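>>> I would like to see how this sequence folds:
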Amino acid sequence: WGNLRMGYFTLIGLSFIGLLLTPVFKPYVSKSKTRKIDTSVFQLLKHRNIIFTILAYFALQGGSVALFSYLERIGVERAFSKEFIGFVLSLVGFFGLAGATLVTFVRDKIHPIRAVSIGFPFLFLSLFILYSTNMPIAFFVAILFFGVAWWFILPFYQGLQASYDTKGRIVSIGAFTNMMGQSAGPAMAAVLVSYTAFSEVIWISVALYTLSILTVIPAILGIYPRD
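Below you'll find the predicted structure:
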């Protein structure tokens, strides 16, 4: 509504609000007198299932952000209007909020394996719709499935890492892995689209989602055995 300038002012406003809210965080005081790096986290990396949680998280974020980064270009490639593309992409966050909200109601009622079994089919369905159809309504539905499923699965990944290490060390690595995945996914997609159509980015997501499934399942079963 307010063009690009309004978008920047919105980001500035939200960043300022975030800055005002930072006092709610309590300072962390290290009990170490030597101020040496805590190497215990590296000991955790000797466990296969913990490596699996890191790889799964990396692949989930890489596949999702690779697709998200090029959704606008895919829409342009399909000759959708910029107003329609902008409107649909603006809804991704709201769809994601719906998925994350759903987790709050079901997180203690379903096994993480079942959560993965519910979420990933919708992610793959969204990829299939995006790849196989050129209709605007299909684009909208694909984004709906993508946003809800992505943010439905994500909390279970973070919870899995927290379950393996209650001190938060793996979660800290997970945050780093998250950023690595968000960088690597679009980078791989950028190499691909330099040779082919933007919609081919979907295959990057397919490959990374497959890797994520193959690594997260044994990691889940390592701490949440099936009944």
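>>> Could you list the buried residues of stretch 118-138?
Applying a neighbour-count criterion of 16 or more other C-beta atoms under 10 Å, one finds 119, 120, 122, 123, 124, 126, 127, 129, 130, 131, 136 buried in stretch 118-138. From N, CA and C alone the C-beta is placed, and that goes for glycine too.
>>> tell me the contacts of the last one?
Same thing as residue 136. 80, 84 (C-beta atoms under 8 Å, 6 or more residues apart in numbering).
>>> Format the buried residues of stretch 118-138 as CSV; extra columns: secondary structure.
Below are the buried residues of stretch 118-138 laid out as CSV (DSSP: H, G, I helix; E, B strand; the rest coil):
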residue, secondary structure
119, helix
120, helix
122, helix
123, helix
124, helix
126, helix
127, helix
129, helix
130, helix
131, helix
136, helix
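>>> which SS state does the residue nearest to the spatial centre of the chain fall under?
By C-alpha atoms, centre = their mean, the chain has its centre lying nearest to residue 61, at 3.9 Å. The three-state assignment at residue 61 reads helix, by three-state DSSP.
>>> could you list every residue that touches it?
Neighbours of residue 61 in contact, by C-beta under 8 Å, 6+ apart: 177, 178, 181, 182, 185.
>>> Same list, those, but as JSON lines with distance to residue 17 and neighbour count please.
Converted to JSON lines, these look like this (distance: C-beta to C-beta, whole Å; neighbours: other C-beta atoms under 10 Å):
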{"residue": "177", "distance to residue 17": "28", "neighbour count": "23"}
{"residue": "178", "distance to residue 17": "23", "neighbour count": "19"}
{"residue": "181", "distance to residue 17": "27", "neighbour count": "25"}
{"residue": "182", "distance to residue 17": "23", "neighbour count": "18"}
{"residue": "185", "distance to residue 17": "29", "neighbour count": "26"}
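>>> quick one: the helices in this structure?
In the chain, the segments counted as helices under DSSP state H are 3-21, 40-44, 48-77, 82-90, 92-106, 112-132, 136-164, 169-193, 201-221.
>>> least reliable of these going by mean pLDDT?
Note on the helices of the chain: lowest mean pLDDT is at helix 40-44, with a mean of 66.
>>> ok, for residue 181, nearest residue in space, not its chain neighbours?
residue 61 (3.3 Å; C-beta to C-beta, 6 or more residues apart in numbering).
>>> For residue 167, the count of nearby residues, please.
If you count neighbours by other C-beta atoms under 10 Å, residue 167 ends up with 12.
>>> Residue 6 too?
Using other C-beta under 10 Å: residue 6 sits among 10 other residues.
>>> Great, nothing more from me.
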